[in-house]
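Chemist: Here you go, sequence then predicted model.
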Amino acid sequence: MSVLLALAVLATAGSPGACPLDGIARSGRPAAAVRDAGRSATSGAFDRRCRVLGLAALDHLDSRGAAACTAWERLVAEPADADLLVLRGWHAWRCGRVREAHRDALAALREDERAALAWALLGQVLAARFRDEAGRR
């Protein structure tokens, strides 16, 4: 685990509801930092939302095709905030569920208009639907 990430985890560990992946939808964290935060979040020290978010983040880094479909199906029933919506949307995208990816990206942006990962997902979906101009925006 990187030193900065470890310090962030330690600084927030005592806060109720604090999760090392809070704000993941807004971040441009490198994959290694997301992986470390995901592993930390899946520990028993955090609440259910954080553990689900950790699994979704780890799946986001590793899942494609059928594995992404399985991850998406697991996340559909979970109560979702911007962080989880955007990860669920990426799983839907990788699973070939374009409409669901589009819906989740828009829902994440309604929750947090600064969710950079949601904007990136929305751009991918729109560009794939041959709306090049909308995708670029």
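Modeler: Done, it's in.
Chemist: what residue ranges in this structure score low on pLDDT?
Modeler: 1-17, 130-137 (pLDDT under 70).
Chemist: same thing but at 50, please
Modeler: 1-16 (pLDDT under 50).
Chemist: For this protein, which segments count as helices?
Modeler: Under the criterion DSSP state H, the chain carries helices at the ranges 3-12, 31-41, 48-62, 65-76, 82-95, 98-111, 116-128, 132-136.
Chemist: Format these as a markdown table; extra columns: mean neighbour count.
Modeler: Where you see a C-beta, it was placed from the backbone N, CA and C, and this is true even at glycine. Output for the helices of the chain, formatted as a markdown table (neighbours: other Cβ atoms under 10 Å):
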| stretch | mean neighbour count |
| --- | --- |
| helix 3-12 | 13 |
| helix 31-41 | 19 |
| helix 48-62 | 20 |
| helix 65-76 | 16 |
| helix 82-95 | 26 |
| helix 98-111 | 19 |
| helix 116-128 | 19 |
| helix 132-136 | 11 |
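Chemist: and of the ones you listed, who's closest to residue 20?
Modeler: Judged by Cβ to Cβ, the one of the helices of the chain that comes nearest to residue 20 is helix 31-41, at 4.0 Å.
Chemist: which strands and helices sit next to that closest one?
Modeler: Judged by 3 or more Cβ pairs under 8 Å, 6 or more residues apart in numbering; DSSP states H and E, helix 31-41 is in contact with helix 3-12, helix 48-62.
Chemist: roughly how far out does it sit from the chain middle?
Modeler: For helix 31-41, the distance from its own C-alpha centre to the chain's C-alpha centre is 12 Å (Cα atoms, centre = their mean, to the nearest Å).
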